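>>> Everything below, folded, please.
(one chain, ligands or ions: 1)
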Amino acid sequence: MSQLEQLRAAMGRAGVDALWISDAANVRYLSGFTSGKDGKVLVTPHGETLYTDARYTVQAAQESRVPQFIARPPATLEHAAPGLAGLRVGFEAESLTVAELEQLRAFWPQATLVGTAGLLSDLRMVKTPDEVQAVRDAQALADRVFAQVRPMIRAGVRELDVALEIESLLRRAGAESAFEIIVASGPRGAMPHGVASERVIGDGELVTVDMGARLNGYNSDMTRTVAVGTPSPEMARVYRAVLEAEEAAVRAVRPGVSGADLDALARGILTGHGLGEAFAHSLGHGVGLMVHEGPSLRGSSEDMLRPGMIVTVEPGAYLPDVGGVRIEDLVLVTGDGHEVLSRSEKEAV
Ligand SMILES: CSCC[C@H](N)C(=O)N[C@@H](C)C(=O)N[C@@H](C)C(=O)O
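Next up is the predicted model:
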């Protein structure tokens, strides 16, 4: 089934006849239009339309798989109104402001508006072969950039300069950074999202680098923690515990395993090392058009892994005022197991 056919089936289950798609990633996913934030897609029983404005006439014609109507609101809403009379029209409750909903109500008085959640994000969890290739390409670039930057992670260098080098190499390769680059050295490693600062890396410190490439709209996500010189016995022990949890969780990735079970597996190992409380976030998340998307690998998750999903496995341990470790791989769920897409070396500490 095509993505559109799957969406129509999901709309039927949700009890809506039409769907107003306003989430930028969903607009891109369904239409192929790469400036999703400046577009909307309307799916009705009669077809699909991409609405965007005249800044994108040429681009939309080149990129969009669905017919386009070029206008700005409210002309877009007026254009759609006659076809929606008497229909139950879904909107994406998580990506529409109250003001935008009021506008839909004002211009579509004869439609019944119904809030929906997750119709497209559920579809997006399982990647098409083209999407898998796009994430694979993004990760391969991130691996090349990390290999180029690794030698500069040494005592006397500022975290910021490591991040700038990563950013510059990604940009020169036609990509961009998927998120603000995390370079957290020494005690700053205790911050899971310690974005690069002016701090100078010291001898004997661990440095956590969390980076991703966004290439052709698709993201990668990987973390390595490296040692500069010889770390303290305490931090070396923490590193080995996190590595043990990470490798065990990656080994367990296969279809039918739940996100909650994987999280529990890694958390259990860290708890055995006295680091359960120090693992301050979930084990992982899906990656695709967004860095964070479904499925979720956390204790409260009901997501089950299926072939074609791409997830991160990223346990960490964070000790305030001391330091921290996170090790993260990007993993594709295959028909009978998994393939690790991130290839950067995990160094022995
Ligand atoms: C702001 S993007 C940061 C990307 C980073 N690689 C990452 O995913 N960090 C995780 C610790 C994270 O934020 N996990 C989320 C899903 C969570 O635990 O809530």
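>>> Show me which residues of this protein sit near the ligand.
Phe179, Pro192, Asp210, Asp221, Thr223, His281, Ser282, His285, Val291, His292, Glu314 (Cβ under 6 Å from any ligand atom). The C-beta positions use only the backbone N, C-alpha and C, and glycine is treated the same way.
>>> Most neighbours out of those, which is it?
Asp221 (29 neighbours; other Cβ atoms under 10 Å).
>>> Ile269 versus that residue, what's the distance?
Using Cβ to Cβ, to the nearest Å, we find Asp221 at a distance of 21 Å from Ile269.
>>> Check Val340 too.
Shown here: Val340 relative to Ile269, a distance of 18 Å by Cβ to Cβ.
>>> between those two, which one's more packed in?
Legend: neighbour count by other Cβ under 10 Å for Val340 and Ile269, higher for Ile269 (21 against 13).
>>> What mean pLDDT does the helix or strand in which that one is found get?
Using DSSP states H and E, Ile269 sits within helix 259-272. Helix 259-272 carries an average pLDDT of 98.
>>> Same check on stretch 277-292?
Averaged over stretch 277-292, pLDDT sits at 98.
>>> Can I get that stretch in CSV? Just the C-alpha atoms.
In CSV, the C-alpha atoms belonging to stretch 277-292 read as follows (Å, rounded to 0.1, in the frame of the first residue of the first chain):
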residue,chain,number,x,y,z
GLU,A,277,19.4,6.9,39.1
ALA,A,278,22.1,8.4,36.9
PHE,A,279,20.3,7.3,33.7
ALA,A,280,18.2,10.4,33.4
HIS,A,281,16.4,9.9,30.1
SER,A,282,14.8,7.3,27.9
LEU,A,283,16.8,4.7,26.0
GLY,A,284,16.0,6.0,22.6
HIS,A,285,13.6,7.2,19.9
GLY,A,286,12.9,6.9,16.2
VAL,A,287,14.8,9.1,13.7
GLY,A,288,13.7,10.2,10.2
LEU,A,289,12.3,13.5,9.0
MET,A,290,12.5,14.6,12.7
VAL,A,291,15.4,13.8,15.1
HIS,A,292,12.9,12.7,17.7
